[in-house]
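Colleague: Compute the structure for the input listed below.
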Amino acid sequence: MAGQGRIQFVLFGSYIVQMSYNVGGWGAILADFYARKADILVRGYSGWNSRMALQVMDQVFPKDAIFQPSLVIVYFGGNDSMQPHPSGLGTHVPLPEYIENMKKIGMHLKNLSEKTQLIFLTSPPVNESMMLETYGNKYDNQARTNESCCIYAEALENLCHHLEFKVVNLWTAFQQREDWATACFTDGFHLSSEGSKIVVKEILKVLKEAEWEPSLYWMSIPTEFSKDSPYYAVAPDGKTTMNVSEFLSIWQKKWANI
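Modeller: Take a look at the predicted model:
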């Protein structure tokens, strides 16, 4: 079956994950980086919170699967952090429950196999004025605020440090860029291509610095079917062929020293 022999990365989360394969999205960028090295699988569910994620863990990540992922990148938090709706409906999850849910998700994934590694992504900041301009008063009773995103991001970061899981605090990372509020979002909270570049940069930093065996950094993974062949295009000398299996595009080279 195609892909069974390759390393697999699974992106698991809500809207940031489902939309990650949009043009310029962070999932698409990772898939381009890891072409001929690893398969990037998207398991994204727009609108979901950590409660909903827990309900499908055994279906999305069955413990008895013969082939387990080498890496799972997890994002839930933005929807959980929304303010509670007066009806009791909605995506809000109280902070203590959110942390417990993320702990359960992490432990389930960590127990899939000895080789399965994890990276958690916290909720990024939001541009509240841009959301108001885009959606009007639609979310007045269940607002997503920059303050609540910060609280949930810090809590997840602390949990991951305690459990020794790798974590990227996107709330902090985005705000290292002066124009983050306008450049990183399409509507105030969904990511633009510029926002996705920050996500990729932070993930690659973790992958490069992690002391995992084997390394999952893209430049450390062998390229599939990289042997020379007489069937490649002929080189200018007219006597050899050009093996392009390790070729890096101009834009990939810019990321090579992350």
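Colleague: Backbone dihedrals for the spatially most central residue of the chain, both of them.
Modeller: The chain has residue 73 as the residue nearest its centroid, 4.9 Å off, counting by C-alpha atoms, centre = their mean. Note on residue 73: backbone dihedrals following degrees, to the nearest 10 are phi -100, psi 120.
Colleague: ok, it touching residue 8?
Modeller: No. At 11.7 Å, residue 73 and residue 8 do not qualify as touching, with contact defined as C-beta atoms under 8 Å. Just so you know, the C-beta spots here come from the backbone N, C-alpha and C atoms, and that holds for glycine as well.
Colleague: Next one: the residue nearest to residue 93 when sequence neighbours are not counted from residue 23, what distance?
Modeller: Excluding the flanking residues, the one nearest residue 93 by C-beta to C-beta, 6 or more residues apart in numbering is residue 80, at 4.0 Å. Distance check for residue 80 against residue 23: by C-beta to C-beta, to the nearest Å, it reads 28 Å.
Colleague: do residue 161 as well
Modeller: From residue 161 to residue 23 the distance is 35 Å (C-beta to C-beta).
Colleague: The two: who's more crowded?
Modeller: residue 161 (11 against 7; other C-beta atoms under 10 Å).
Colleague: quick one, what contacts that one?
Modeller: Each residue near residue 161 by C-beta atoms under 8 Å, 6 or more residues apart in numbering is listed here: residue 167.
Colleague: Kindly report the same for residue 242.
Modeller: Residue 242 neighbours (C-beta under 8 Å, 6+ apart): 232, 233, 234, 235.
Colleague: Neighbour-wise, give me the winner out of those.
Modeller: residue 232 leads those on contacts (other C-beta under 10 Å) with 13 neighbours.
Colleague: excluding its backbone neighbours, what's nearest it?
Modeller: Per C-beta to C-beta, 6+ apart, closest to residue 232 is residue 241, 3.8 Å.
Colleague: was I right about the one you found contacting residue 227?
Modeller: No. If you go by C-beta under 8 Å, residue 241 and residue 227 don't touch, sitting 11.4 Å apart.
Colleague: Neighbour count: those two, which is higher?
Modeller: Set residue 241 next to residue 227 and count neighbours by other C-beta under 10 Å: residue 241 wins out with 13 against 7.
Colleague: List phi and psi for the more buried one.
Modeller: phi -110, psi 160.
Colleague: partners of it in the sheet?
Modeller: In this entry, residue 241 is beta-bridged to residue 234, by DSSP bridges.
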